[in-house]
Every structure is written in structure tokens, then in C-alpha cells.
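Colleague: sequence unknown, structure follows:
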């Protein structure tokens, strides 16, 4: 029976073009490979999500265990990667906020300078108008 299956899969010399069938077969193989790869990626993503969910659950569970074990003793603070990442982001935001404050201060000073210059110009124009109105 195995021999008949092997013979059936062999190409025979006929007037039929086997190229089209070969292209279709290769397409199907490629589609199957892409589907398997997509499924594998989805499974990996699901596993990563499960790991992340279990990790957060485990962290909560470990923290509660530590509190129960300490029974009033001070809890040792361990900085996890999430805490360190948040601290870095906070430091970055503080630096950006300081830059924004400096820019606002510079704009305010510049605005006061413009207002002072405008007042000086107004007083000079008033003096010129007063001088012109005195002359007959």
C-alpha cells in the first residue's frame, strides 16, 4: 500500500502542466507555515500575558506572606523592576517640569521687558505730541 501511495505522488510525463499544481502546493505549504507561525506568536503572547498576570499575583501574594511572617516587624523594601522604571520616569518628568518652569520664567521676564519698552515708547510719543502742540 505504501508503494502505491509513493507511485501516486510521483510526477508522470503527461500533457498536463505540473508547474501550476506545484505553485499551488507551494502556496498551501507557505500558507500553512504562516498560519502555524501566527498561532505560535499568539500562543507566546498569551503565555507572556499569563506570566505577567501570575507575576503580579505572585508579587501580591509574596507581599502578603511577608507581612504575615513579620507580624509587626518592619517590612524590608525591595525595589522591583517596575518600581525602578517608575522612579526613572518620575525623575525624567521632574527634569522636564523644571525646564518648562525656566522657559515660563524667561517668557514672563521677556513679556515684562516688552511692556516696559512699550511704556517708554508711549511716554516718548506723548512728549513729542506735547512739543508739537506747543509750537504754533
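Modeller: Good, I have the coordinates. Predicted, not measured: the structure shown is a model, and the values here were computed from it.

Colleague: Residue 99: how many residues sit nearby?
Modeller: 10 (other Cβ atoms under 10 Å). In short, each C-beta sits where N, CA and C put it, glycine included.

Colleague: Please apply the same query to residue 113.
Modeller: As a burial measure, residue 113 scores 10 neighbours (other Cβ under 10 Å).

Colleague: do residue 46 as well
Modeller: Residue 46: 10 neighbours (other Cβ under 10 Å).

Colleague: Quick one: name whatever helix or strand follows the host helix or strand of it.
Modeller: Counting by DSSP states H and E, the element that carries residue 46 is helix 18-70. Once helix 18-70 ends, the next helix or strand along the chain (criterion: DSSP H and E) is helix 81-134.

Colleague: Mean confidence (pLDDT) on that next one, please.
Modeller: For helix 81-134, mean pLDDT is 93.

Colleague: cool, stretch 44-63 as well?
Modeller: 76.

Colleague: For residue 21, see how far away residue 27 is.
Modeller: 11 Å (Cβ to Cβ, to the nearest Å).

Colleague: Can you tell me the centre-most residue of this protein?
Modeller: residue 89 (12.7 Å; Cα atoms, centre = their mean).

Colleague: Outline the domain layout of the protein.
Modeller: What automatic domain parsing lists as the domains of the chain is 11-77, 79-136.

Colleague: Among those, which comes closest to residue 3?
Modeller: Nearest of the domains of the chain to residue 3, taken as Cβ to Cβ: domain 11-77 at 15.4 Å.

Colleague: what about residue 53, how many neighbours?
Modeller: 10.

Colleague: ugh, typo on my part, it should be residue 93
Modeller: 10.

Colleague: And it, how far from residue 79?
Modeller: 18 Å.

Colleague: repeat for residue 87
Modeller: Residue 87 is 8 Å from residue 79, by Cβ to Cβ.

Colleague: got it, and residue 104?
Modeller: 34 Å.

Colleague: residues in contact with stretch 21-38?
Modeller: Residues external to stretch 21-38 that are found in contact with it (Cβ atoms under 8 Å, 6 or more residues apart in numbering): none.

Colleague: what is the rounded mean pLDDT of that stretch?
Modeller: Averaged over stretch 21-38, pLDDT sits at 91.
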